[in-house]
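Participant: Predicted model follows, preceded by the sequence.
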Amino acid sequence: MTDTEPSPPVREIAESIATMEIRGAATIASAAAEALAAQAEAAAEADATGSDPAAFRASMRAAARTLRETRPTAVSLPNALRYVLQRMEGDSVDALRRSVVDASEAFVDQLDRAQEDLGQVGANRLADGDTVMTHCHSTDALACIEAAVEQGKSISAVVKETRPRQQGHITAEQLRDAGVPVTLIVDSAARRYLDEVDHVVVGADSIAADGGVINKIGTSGLAVNARERGVPIMTAAQTIKLHPETLTGHTVEIEMRDESEVIDPESREEIGEISVANPAFDVTPPRYMDAIVTEHGQFPPESIVALMRELFGEGAAEPWAER
Ligand SMILES: O=C(COP(=O)(O)O)[C@H](O)[C@H](O)COP(=O)(O)O
């Protein structure tokens, strides 16, 4: 390992995020924080960085850059890296190492607590006997449904399969394990089943300063249909999903994934000259979202900017940028 080369655990975690073995905004964030802790341990042991605080810091920044480059849309990833690197302090390698490991642990703890707290808030929106519709697989959204069940409410779910990667199957399995009766549907059946549901519950990869919710592709269409049917829709999102760069007018990059997720190479060959597009996320305008449920309570999307300013200030530092 040279002073700027990420350690094997960081490369492994980065690869798992890029290939989506590790996926979902909260899970990605906690894996990234843990990867930085692993980097700190490895760098403290390595010849090039073990006795040189400046080289140690440089290796931490390089590891953060490698993690940052894996997927572009979930802001929980850079927010996790920022949280840990901004708390890296000390004059010796050992002090630096300890500060990184402590920050990483504190971040993961905070993440777990936030999810539990927002689960209670989201659960309060659900009534005994409600049926919810879900899209994709969101641990924050599931926390709300599971907390409602723990409150003793009887909840059923209509689960959208979520093409192309079918994360709905993970949701279906987890809800079944929580004792929630599940009906799995194809995405295009959603509008038909909206007549039978009381709430739509989704997660978020990023939330923009204007209250726009960036989540799995298909969320915006679902939100528009839910509004047309009069079904309330909430986003369950802990505050690490707030995108601080959008405070200064930046937009959120939407990840475009490989066409092979949409069509197998053989069928594509048979069809001939076409192009295939595979955006992984979309933006739901704030006017189609009823509430954003966070660990600080629920907010109308248009007012989320106040919370964003309070928690992130006016900007978003990039402590990993310096080489
Ligand atoms: O869009 C997705 C996952 O997309 P992908 O499968 O492409 O990562 C989830 O709804 C959010 O990340 C929220 O998840 P969580 O609430 O667990 O953070």
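Facilitator: Done, it's in.

Participant: now the strands for this structure?
Facilitator: 131-134, 156-160, 182-185, 199-202, 206-207, 213-216, 233-236, 281-284, 291-294, 297-299 (DSSP state E).

Participant: Compare those strands and report which one is nearest to A42.
Facilitator: strand 206-207 (30.0 Å; C-beta to C-beta). C-beta here means a position set from N, CA and C on the backbone, and glycine is covered the same way.

Participant: Distance from that closest one to the middle of the chain?
Facilitator: Counting by C-alpha atoms, centre = their mean, to the nearest Å, strand 206-207 is centred 9 Å from the centre of its parent chain.

Participant: most tightly surrounded among the strands of the chain?
Facilitator: strand 206-207 (a mean of 30; mean count of other C-beta atoms under 10 Å).

Participant: what does it rub up against?
Facilitator: For strand 206-207, contacts defined as C-beta atoms under 8 Å, 6 or more residues apart in numbering pick out 25, 73-76, 213-214, 235, 237, 241-243, 246, 252, 292, 301, 304, 308.

Participant: can we see that at 7 Å?
Facilitator: Applying C-beta atoms under 7 Å, 6 or more residues apart in numbering, the external contacts of strand 206-207 come out as T73, A74, V75, V213, I214, A237, K241, L242, H243, V252, I292, I304.

Participant: restrict the residues you listed to contacts with the ligand.
Facilitator: A74 (C-beta under 6 Å from any ligand atom).

Participant: Go through the contacts of strand 206-207 and flag which are in helices.
Facilitator: Mapping the contacts of strand 206-207 onto helices (DSSP state H) picks out I304.

Participant: Nearest to T66 among the contacts of strand 206-207?
Facilitator: Distance to T66, by C-beta to C-beta, is smallest for A74 among the contacts of strand 206-207, at 16.1 Å.

Participant: Any idea how many residues pack against that closest one?
Facilitator: Each residue near A74 was counted by other C-beta atoms under 10 Å, and the total is 31.

Participant: Please tell me I have it right and it contacts A25.
Facilitator: Yes - counting by C-beta atoms under 7 Å, A25 is a contact partner of A74 at 3.9 Å.

Participant: Mutual contacts of the two, please.
Facilitator: Counting by C-beta under 7 Å, 6+ apart, the residues touching both A74 and A25 are D205.

Participant: Thanks a lot, catch you later.
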